[in-house]
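In: sequence and predicted structure, then a few things I'm wondering about:
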Amino acid sequence: DGGGIATDILAIKGRIQLARGQLDQGGATLASLRGRGVPESDPRLQELALRLALARGELDGAGRVAAPEPHPAGANDGLMLASVQAALRTGNLPVARAWLAAGAPAGDQDPRYHAVALELARAMLARTEGDQAAALQHAQRADGLETSSRAPEAEIQAGVLQTLILLDARRFEAASAIMGRLEKYGDSDYRVAWALLALYRALGDGPATAAALAHAN
């Protein structure tokens, strides 16, 4: 019927596959969700479809999947973040702002992670708008809040985004410190592997860049 624990497990499996850079497997999991009769409007399917399109660089597809109206029934922080990211990547800033202006998504969520997610979304929006100071402020808030959520996903999301913003500002020492903390996830999380690659490229460290690229691949 599209609901139930099995569907939740499939959605979690898909998110893990994408975090590990396993895009083909993530696509197969998305197909499995659809095969179970999960409707396209289901937030779990919508989030996975968005994240897969973004990971593949299919921006037109991401723009079509992104919820045009904030907070459809059952929306959660994962869908909010994916929708904001898709809107920003496709240049649709009004949709990103609408998600942030609409308040808390519906549903039973961890309020600690919700606070992290909102700061991450605000940081992404400010970065896209070119407000580097505000972007860093929101990312630092997210990075501070994640310690209370005690969730690796929150730590990775907050740390990677803060690193990218610091690299924008050429604050290499601060970015290196954050990636030193996240390096433990480098073997299991694609986002961390690519952030390490971005750091070494910014530092102009040729051997480390080559090793990081090989590792990410």
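Out: Yep, it's here.

In: and the strand or helix carrying residue 31, average pLDDT?
Out: Residue 31 belongs to helix 23-35 when assigned by DSSP states H and E. Across helix 23-35, the average pLDDT comes to 94.

In: what does it contact?
Out: Helix 23-35 has contacts (Cβ atoms under 8 Å, 6 or more residues apart in numbering) with 7, 10-11, 13-14, 17-18, 40, 42, 44-45, 48-49, 51-52, 55-56. To be clear about C-beta, it is placed using only N, CA and C from the backbone, and glycine gets the same treatment.

In: got it, and stretch 153-173?
Out: Taking Cβ under 8 Å, 6+ apart as the rule, stretch 153-173 contacts 19, 81, 113, 116, 119-120, 123-124, 127, 132, 135-136, 139-140, 142-143, 145-146, 174-175, 178-179, 181-182, 185, 189, 191-192, 195, 198-199, 202-203.

In: what residues of it count as buried?
Out: Neighbour-count burial for stretch 153-173, counted by 16 or more other Cβ atoms under 10 Å, picks out 153-167.

In: which secondary element of this structure has the worst mean pLDDT?
Out: The helix or strand of the chain with the poorest confidence is helix 59-65; it has a mean of 73 (mean pLDDT, DSSP states H and E).

In: and the closest residue to residue 142 other than its chain neighbours, which of the three is it?
Out: Nearest non-adjacent residue to residue 142, counting by Cβ to Cβ, 6 or more residues apart in numbering: residue 119, 3.7 Å away. With DSSP: H, G, I helix; E, B strand; the rest coil as the basis, residue 119 sits in helix.
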